[in-house]
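Enquirer: Fold the following and give me the result.
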Amino acid sequence: MHGRSSLVDFLLTPGFIAARDGGAREISVSLRVDGSCRFCVDRWPWELETWLTSQEVRTDKEGEPPSLGLWQSPFVDLGILCALSSPLDVSVWAQGDTWCRRYREGLVEQGHLDDTAPRTSKSGLCITFTPDASLFEPPPCFDVPRLRERIEALSAFHPGATWTLRDEATGTESRFLREEGLADLCRDLAPSPLGSQNPLCFQAKVGKTSLQLALVWTEGPGRGVVAWANLFARNDAGPHRVGFRQGMREAISARLARRGVSARARRFDATALFEHLTAVLHIQVEKTDWYLMTRERRASAEVQSTVTRLVARWVEQALVEDPKLEEFVLKVAGLRSR
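Expert: Alright, predicted model coming up:
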């Protein structure tokens, strides 16, 4: 079940990028009774022959190296999906042209492919794959709760696109449309009623690092920090989480210093500060900046310092602009208002 669901994961990233970069508004995943999965987006922003051609090696007009399409696409995991599927059908249509191909175990299958992909737009993509029965144990089922949670998060990273997950075996369907992105997800995750308080939302790009953040404090216990990196959940003690916590401490300390509180009195228990907090954070960095190997420690330190600097600036400014919120935050941190 986990392995089959991981194959669906390979398609969710290009779906997200089609929405973010190509203006796709509808992304759907259908888990079918026969054990196959159909993935569709309502807009295809890339050239067909440069992205999906597999066997026909081509050379770019400007002298770029040859491309193998599906295997050398921006999303190389699709090559893995293709190799582990039997069959995998691809249909793409744009500007009156249609491109169809069937693969088995990574190889193009010769012969005509009937195009049965549903079409609700002038351009789009539909990929239908069946996990190879010789590699995956029966029964042919997917981890629906895990996929629902994954799609729920992706829908928040780029607002305005509708994500649909259908499970034909049970006849259930889940739809996610986040008009306010991470703010909507933060509201859903916050375990206490928010009242009139809306989540604080921030985003910025520094060099090759992009950061999105939504957070809210509540009277009752919060959910804590829920984090993603490069579209995947990362709740380990990575540089994103360390930087976030350090940035929060610096913001509170800066506000106390502005109030004339001595350095000794500015010490506080950060645990109390985070007990009433619900925060959702998404960071995008180059892959080489993420792994904490010896040669990458410097890069990870740079990511951490970037997050610290941004969070400290954002939160301090938010407290300056909302004195009532500042009083509440200082209270839950165990600090007397001055």
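Enquirer: Would you mind measuring the gap between the ends of stretch 264-281?
Expert: 31 Å (CA to CA, to the nearest Å).
Enquirer: try stretch 197-209
Expert: 29 Å.
Enquirer: Need the contact partners of that stretch.
Expert: 180-183, 186-187, 190, 210-218, 283-286, 289, 303, 306-307, 310, 314-315, 318, 325 (CB atoms under 8 Å, 6 or more residues apart in numbering). No exception for glycine: its C-beta is placed from N, CA and C like everyone else's.
Enquirer: Give me the buried stretch members for it, please.
Expert: If you call a residue buried by 16 or more other CB atoms under 10 Å, then stretch 197-209 has these buried ones: 199, 200, 201, 202, 209.
Enquirer: quick one: the residue nearest in space to the middle of the chain and residue 15, what's the gap?
Expert: Nearest to the geometric centre of the chain sits residue 231, at 2.9 Å (CA atoms, centre = their mean). Counting by CB to CB, to the nearest Å, the gap between residue 231 and residue 15 amounts to 10 Å.
Enquirer: anything in contact with each of the two?
Expert: In contact with both residue 231 and residue 15: residue 154, using CB under 8 Å, 6+ apart.
Enquirer: follow-up on the earlier one: the contacts of stretch 197-209 in helices, which ones?
Expert: When DSSP state H defines the helices, the subset of those inside them is 182, 183, 186, 187, 303, 306, 307, 310, 314, 315, 318, 325.
Enquirer: quick one: contacts for the closest residue to the first one other than its chain neighbours?
Expert: In this structure, residue 182 finds its nearest non-sequential neighbour in residue 214, 3.8 Å apart by CB to CB, 6 or more residues apart in numbering. Residue 214 makes contacts with 181, 182, 183, 185, 186, 199, 200, 201, 202, 279, 280, as judged by CB under 8 Å, 6+ apart.
Enquirer: Closest one to residue 248 out of those residues, please.
Expert: Comparing the contacts of residue 214 against residue 248 with CB to CB places residue 279 closest, at 8.8 Å.
Enquirer: in the sheet, who's paired with the residue nearest to that closest one when sequence neighbours are not counted?
Expert: Setting aside the residues directly before and after it, residue 279 is nearest to residue 215 in space (CB to CB, 6+ apart), at 3.8 Å. Taking DSSP bridges as the rule, residue 215 bridges to residue 200, residue 279.
Enquirer: With residue 268 as the reference, measure out to residue 215.
Expert: 18 Å.
Enquirer: more neighbours, these two?
Expert: Comparing residue 215 with residue 268 by other CB atoms under 10 Å, the one with more neighbours is residue 215, at 25 against 16.
Enquirer: any idea how far that one is from residue 332?
Expert: 13 Å.
Enquirer: do residue 262 as well
Expert: Separation of residue 262 from residue 332 (CB to CB) stands at 21 Å.
Enquirer: phi, psi of residue 4?
Expert: Dihedral pair for residue 4: phi -60, psi -40, per degrees, to the nearest 10.
Enquirer: Surely it and residue 141 touch.
Expert: Yes: with contact defined as CB atoms under 8 Å, residue 4 reaches residue 141; the gap is 7.2 Å.
Enquirer: Can you pick out the residue with more neighbours from these two?
Expert: Under the neighbour definition other CB under 10 Å, residue 4 and residue 141 were set side by side, and residue 4 has more, 21 against 13.
Enquirer: Report the residue ranges of every domain in this structure.
Expert: 2-177, 182-332 (automatic domain parsing).
Enquirer: average pLDDT across stretch 167-176?
Expert: Average pLDDT, stretch 167-176: 94.
Enquirer: What's the end-to-end length of that stretch?
Expert: Across stretch 167-176, first to last residue, CA to CA, it's 15 Å.
Enquirer: next one: stretch 153-170
Expert: Span of stretch 153-170 from end to end, CA to CA: 23 Å.
Enquirer: And that stretch, how far out from the chain middle?
Expert: Put simply, stretch 153-170 sits 12 Å off its chain's centre (CA atoms, centre = their mean, to the nearest Å).
Enquirer: would a markdown table of the ones in helices among the contacts of stretch 197-209 with distance to residue 37 be doable?
Expert: Conversion of these to a markdown table gives the following (distance: CB to CB, whole Å):
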| residue | distance to residue 37 |
| --- | --- |
| 182 | 27 |
| 183 | 31 |
| 186 | 30 |
| 187 | 30 |
| 303 | 34 |
| 306 | 37 |
| 307 | 35 |
| 310 | 38 |
| 314 | 39 |
| 315 | 41 |
| 318 | 42 |
| 325 | 45 |
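Enquirer: now those as CSV including pLDDT and neighbour count?
Expert: Shown next, in CSV, are the ones in helices among the contacts of stretch 197-209 (pLDDT from 0 to 100; neighbours: other CB atoms under 10 Å):
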residue, pLDDT, neighbour count
182, 94, 25
183, 94, 20
186, 94, 26
187, 92, 16
303, 88, 26
306, 94, 22
307, 95, 27
310, 97, 22
314, 97, 21
315, 96, 24
318, 96, 17
325, 92, 16
